[in-house]
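> Sequence first, predicted model second:
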Amino acid sequence: MSRDLSPAELEQRREAPLTHGAHSPAQIEAIARGKRRSLLRRSQLRATDLDAVALGYLRAWSRCEAQLTLLDKFMSERGSLRDMETGEPWPFQSFYTSLINSGRLALAKLEDHMRARQSDPAGALNAYIEATYSRKDGDRGGA
């Protein structure tokens, strides 16, 4: 018969297998949430201002940033190389580089998506009507 674990035991078990935490969903999400909130606040946006695509890009960027934060913390505590004498890097160094690139791309896609959404559809329609239906002499015709 098994017993329910206490909150302290659950927390200990969540934290115990961690080396750097960059693969821990609990740690990643806790930091990512703060990263998302910070970016939205700096951009003067609310999450409700974003559509599903923008939220996906924001989530991808924030997860990359959270994982980078955890790896940066790990390296600041233990050094940027696994073995200073041989110059051996940490096994996650290629993963770290991939996270930087993935985060950069997600943020660029978010920016492009938001710019496209903020275009002026009424202005585009008016320009189309003007270009398509106005006469060369400036008269729109009609009554």
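Received, thanks.
> alpha carbons only for contacts and neighbour counts from here, please
Will do.
> contacting residues around R63?
With contacts defined as C-alpha atoms under 8 Å, 6 or more residues apart in numbering, R63 is in contact with 28-29, 32.
> Check the secondary structure at it for me.
Secondary structure state of R63, per DSSP: H, G, I helix; E, B strand; the rest coil, is helix.
> circling back to that earlier point, most neighbours among the contacts of R63, which one?
Counting neighbours by other C-alpha atoms under 10 Å, A32 comes out on top of the contacts of R63 with 23 neighbours.
> separation between that one and L71?
14 Å (C-alpha to C-alpha, to the nearest Å).
> Same question for A30.
15 Å.
> These two: who's more crowded?
L71 (22 against 12).
> separation between that one and L40?
From L71 over to L40 (counting by C-alpha to C-alpha), the distance is 24 Å.
> same thing with A32?
12 Å.
> Can you work out which residues contact both of the two?
With C-alpha under 8 Å, 6+ apart, A32 and L40 have no common neighbours.
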